[in-house]
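K.L.:
from the sequence below, what's the structure:
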Amino acid sequence: MKWLPATAVFAAVLPALTAFGDPASVEISTSHTGSGDPTSDAALTGFTQSSTETDGTTYTIVGDITFSTFTNIPVPVVTPDANDSSSNSSKGGSSSSGATSLIRSSNLHSDFDFTKDSVLDLYHLFFPSASNTLNPALLSSSSSGGSSSSSSSSSSGSASAVVAADPKGGAAFYSNEANGTLTFTTDSGNPGSLTLQNLKMTGDGAAIYSKGPLVFTGLKNLTFTGNESQKSGGAAYTEGALTTQAIVEAVTFTGNTSAGQGGAIYVKEATLFNALDSLKFEKNTSGQAGGGIYTESTLTISNITKSIEFISNKASVPAPAPEPTSPAPSSLINSTTIDTSTLQTRAASATPAVAPVAAVTPTPISTQETAGNGGAIYAKQGISISTFKDLTFKSNSASVDATLTVDSSTIGESGGAIFAADSIQIQQCTGTTLFSGNTANKSGGGIYAVGQVTLEDIANLKMTNNTCKGEGGAIYTKKALTINNGAILTTFSGNTSTDNGGAIFAVGGITLSDLVEVRFSKNKTGNYSAPITKAASNTAPVVSSSTTAASPAVPAAAAAPVTNAAKGGALYSTEGLTVSGITSILSFENNECQNQGGGAYVTKTFQCSDSHRLQFTSNKAADEGGGLYCGDDVTLTNLTGKTLFQENSSEKHGGGLSLASGKSLTMTSLESFCLNANTAKENGGGANVPENIVLTFTYTPTPNEPAPVQQPVYGEALVTGNTATKSGGGIYSS
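P.N.:
Numbers count the residues shown, from 1 in each chain. Sure, this is the predicted structure:
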């Protein structure tokens, strides 16, 4: 068995930067295809296009060009020698008997030095399920001397580990010039397309590596698929800015992977996608953050004629490799004879004889850039997506393997679709903006923003079935959330969180304004798979345990109770909630929480004005405020249609709505106010309002009209069918 030395592989993977001369402009009119084998691909000196121009290089794409199937990732290369062949023949061609001795010679200089890396590589070859269980530090070379180019006839095979000592990316295009821009363009009259596929490299940017800016302009199609980087940027990596513009048909990134950041692309500076027909990122995976896109700066996507799609991308930090607890047996280190029976015995054993595997206690992840954030997009600054027809984020995920921990001061596993360390703005959508089925192991199943979130001028906004195990099933923002100027429908449906805010969690205020139809339905917050204790109780739940005659009955270890701290079935705001200009309906229906605010939880004031039909129906809270809980005053002004709290329920106070101690409900110029069929296990079946309830109907006479002796009746107030176990079946005021 012969292995190509590492130095030979990496000397040939990337040709010398001077190999292509110093052109400022290069025409690419021929496709390139490798073998996918590092040894063969190392000889393809014309495959990688390298730029040495300090001012950059412009590549003109002529026709449909593809760079495909190239790698420098080391893999075992087995070359049986004549001795093995004769041995197999003499034993009747049996494959098992033909491998009676993989290494028979004690001469370690037949083709190479038999080093500790060689032992590791053989071990990984024969025991793939126990990969990485040998610690190289525990192995020492049993020989000395340099490599020899001669071959020993007494050796049945040779092995030398192929190690990526100097990882390199940019299989198709490579530039190490920090100030040189790599530009890809084409003939505008007959635009060409560029496809980079199945390029797998040890370094950053499997297909393209650029130290300087990277520009794609005017191409017909731009496609990256099935590329892999063992570092960052599964398809492309640039330490400058990335600009992709004026692509005639589609820009597509599918099935790219990176062990580091940016499953498809890594960009050090600003990232721009502008004036495209369509943009798609699908099934890209990052081992740290940004399953599709990772940028150290801003991300701007604008002027997309048709669709923007981010589907099934993942930021997923894997489990660490196991570590050995003791040195490998001396027989493996000091001997070069390994017979078949030994290999078969070890391969069949559940615990390899080489070194026992210890339980790994990894160091907690302490940076948000490596903590599994941003299933589709991670941006260290702001994100702006504007002027487009349709936008879809579907089935993206952010997670860290369960064996790992994230430092408590570090944001991790958040932003199932999008993570921004600054603000997020999505605006000017003429079709539908959809976030569906995105998941985060912590907060922000769909969106996580350290800054404010603005969703503006979106015809149809749909956030459905997003989930997280922290706060904000669909949206989490550390600042304010604004949703305004929606032309048709805004809906949050079926979103779930384990902590607060089944659909929305905002540390700042929430503003809903100038919208047509807004619906929050079937959102839920809480841990419904665990036993729950009421907030007022310190008693753990009783858990039964089955017993047998042979073992006396003993109290079962109670499952860890969950204090119902999850508030705001649909939305949670640590500041206020402000609503205005709703022209059709604002509805909270069939939402649920394990604490306060089945429909909505608002820490400060709730103000709703100049709107039509504010309605809370069939919401549930395991504590106060089946429909609405507000920690401050509630003010409703100039509302038309029916302002309705109906069939909501709470396990404590305020089946329909509940206010904090000392707070008031003020209603002015409501066409109709109705508390109907709400229930509370304690006080205030319809409403729990500790301070004042003020209901005022105003009448403004026309100019020169004398004031009437009595004010005319403007609206109605109806309180009916509400129930409370203790006091105040309709309204309770303390």
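K.L.:
going by C-alpha atoms from here, please, whenever you check contacts or count neighbours.
P.N.:
OK.
K.L.:
what sits against residue 374?
P.N.:
Taking CA atoms under 8 Å, 6 or more residues apart in numbering as the contact definition, residue 374 lies against 289-291, 314-315, 397-398, 413-420.
K.L.:
recalculate using a threshold of 10 Å.
P.N.:
For residue 374, the contacting residues are 262, 286, 288-294, 313-316, 368, 396-399, 412-420, 440, 444-448, by CA atoms under 10 Å, 6 or more residues apart in numbering.
K.L.:
send the alpha carbons of the helix or strand where residue 304 lies over as CSV?
P.N.:
Assigned by DSSP states H and E, residue 304 falls within strand 299-311. Only the C-alpha atoms of strand 299-311 are listed here, as CSV (Å, rounded to 0.1, in the frame of the first residue of the first chain):
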residue,chain,number,x,y,z
LEU,A,299,-25.6,42.3,4.3
THR,A,300,-27.8,44.0,1.7
ILE,A,301,-30.2,42.2,-0.6
SER,A,302,-32.1,44.5,-2.9
ASN,A,303,-34.0,44.8,-6.2
ILE,A,304,-34.8,41.1,-6.7
THR,A,305,-37.3,40.7,-9.5
LYS,A,306,-38.7,37.4,-8.5
SER,A,307,-37.8,35.3,-5.4
ILE,A,308,-35.3,35.2,-2.6
GLU,A,309,-35.2,31.7,-1.0
PHE,A,310,-33.3,30.4,2.0
ILE,A,311,-34.3,26.8,2.5
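K.L.:
now stretch 53-62: buried residues?
P.N.:
Neighbour counts over stretch 53-62 (16 or more other CA atoms under 10 Å) mark 53-54, 56-62 as buried.
K.L.:
out of those, what pair is the most spread apart?
P.N.:
Spatial extent of the buried residues of stretch 53-62 (CA to CA) is set by the pair 54 and 62 at 24.2 Å.
K.L.:
now do the contacts for the spatially closest residue to residue 29 that is not a sequence neighbour.
P.N.:
Computed as CA to CA, 6 or more residues apart in numbering, the closest residue to residue 29 that is not its neighbour in sequence is residue 62, at 4.9 Å. By CA under 10 Å, 6+ apart, the contact list for residue 62 reads 27-30, 185-187, 190-194, 219.
K.L.:
rewinding a little: chain center to the strand holding residue 304: distance?
P.N.:
Average the C-alpha atoms of strand 299-311, do the same for its chain, and the two points are 18 Å apart (CA atoms, centre = their mean, to the nearest Å).
K.L.:
the helix or strand following it pairs with which strands?
P.N.:
Next along the chain after strand 299-311, taking DSSP H and E as the criterion, comes strand 314-317. With DSSP bridges as the test, strand 314-317 is paired with strand 285-286 (parallel), strand 397-400 (parallel).
K.L.:
let's have these in a markdown table, adding distance to residue 683 and mean neighbour count.
P.N.:
Shown next, in a markdown table, are the strands paired with strand 314-317 (distance: least, CA to CA, whole Å; neighbours: other CA atoms under 10 Å):
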| stretch | distance to residue 683 | mean neighbour count |
| --- | --- | --- |
| strand 285-286 | 52 | 36 |
| strand 397-400 | 42 | 32 |
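K.L.:
can I get the ones you listed in JSON lines with distance to residue 734 and mean pLDDT?
P.N.:
Shown next, in JSON lines, are the strands paired with strand 314-317 (distance: least, CA to CA, whole Å; pLDDT from 0 to 100):
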{"stretch": "strand 285-286", "distance to residue 734": "56", "mean pLDDT": "98"}
{"stretch": "strand 397-400", "distance to residue 734": "46", "mean pLDDT": "97"}
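K.L.:
list the strands paired with the strand holding residue 304, with their directions.
P.N.:
Counting by DSSP bridges, the strands paired with strand 299-311 are strand 271-276 (parallel), strand 278-282 (parallel), strand 383-394 (parallel).
K.L.:
save the ones you listed as TSV, and put in mean pLDDT and distance to residue 594 too.
P.N.:
Converted to TSV, the strands paired with strand 299-311 look like this (pLDDT from 0 to 100; distance: least, CA to CA, whole Å):
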stretch	mean pLDDT	distance to residue 594
strand 271-276	98	42
strand 278-282	99	36
strand 383-394	99	27
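K.L.:
now distance to residue 519 and mean neighbour count too, for these, in JSON lines please.
P.N.:
As requested, these are exported to JSON lines (distance: least, CA to CA, whole Å; neighbours: other CA under 10 Å):
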{"stretch": "strand 271-276", "distance to residue 519": "32", "mean neighbour count": "22"}
{"stretch": "strand 278-282", "distance to residue 519": "29", "mean neighbour count": "23"}
{"stretch": "strand 383-394", "distance to residue 519": "19", "mean neighbour count": "22"}
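K.L.:
who wins for proximity to residue 660 among the ones you listed?
P.N.:
Distances from residue 660 to each of the strands paired with strand 299-311 were compared using CA to CA; the shortest belongs to strand 383-394, at 37.1 Å.
K.L.:
dump the closest one to PDB, restricted to CA.
P.N.:
Only the C-alpha atoms of strand 383-394 are listed here, as PDB (Å, rounded to 0.1, in the frame of the first residue of the first chain):
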ATOM      1  CA  ILE A 383     -29.100  43.200   7.500                       C
ATOM      2  CA  SER A 384     -31.300  45.000   4.900                       C
ATOM      3  CA  ILE A 385     -33.600  43.100   2.500                       C
ATOM      4  CA  SER A 386     -35.600  45.400   0.200                       C
ATOM      5  CA  THR A 387     -37.600  45.800  -3.000                       C
ATOM      6  CA  PHE A 388     -38.400  42.200  -4.000                       C
ATOM      7  CA  LYS A 389     -41.400  40.100  -4.900                       C
ATOM      8  CA  ASP A 390     -41.300  37.000  -2.700                       C
ATOM      9  CA  LEU A 391     -39.000  36.100   0.300                       C
ATOM     10  CA  THR A 392     -38.900  32.700   1.800                       C
ATOM     11  CA  PHE A 393     -37.000  31.400   4.900                       C
ATOM     12  CA  LYS A 394     -38.100  27.800   5.400                       C
END
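K.L.:
now do the SS call for residue 704.
P.N.:
Three-state assignment for residue 704 (DSSP: H, G, I helix; E, B strand; the rest coil): coil.
K.L.:
the chain should start at 38 in everything you say after this.
P.N.:
Got it, the first residue is 38 from now on, which makes the last one we talked about residue 741.
K.L.:
can you count the residues close to it?
P.N.:
As a burial measure, the neighbour count of residue 741 was computed by other CA atoms under 10 Å and equals 6.
K.L.:
quick check: residue 678 touching residue 651?
P.N.:
Yes. Assessed by CA atoms under 10 Å, residue 678 is found in contact with residue 651 at 8.1 Å.
K.L.:
these two: which is more packed in?
P.N.:
Neighbours were tallied for residue 678 and for residue 651 using other CA under 10 Å; the higher tally belongs to residue 651 (24 against 17).
K.L.:
could you check the pLDDT of that one?
P.N.:
pLDDT recorded at residue 651 is 98.
K.L.:
from residue 348, how far out is it?
P.N.:
As defined by CA to CA, to the nearest Å, residue 651 lies at a distance of 35 Å from residue 348.
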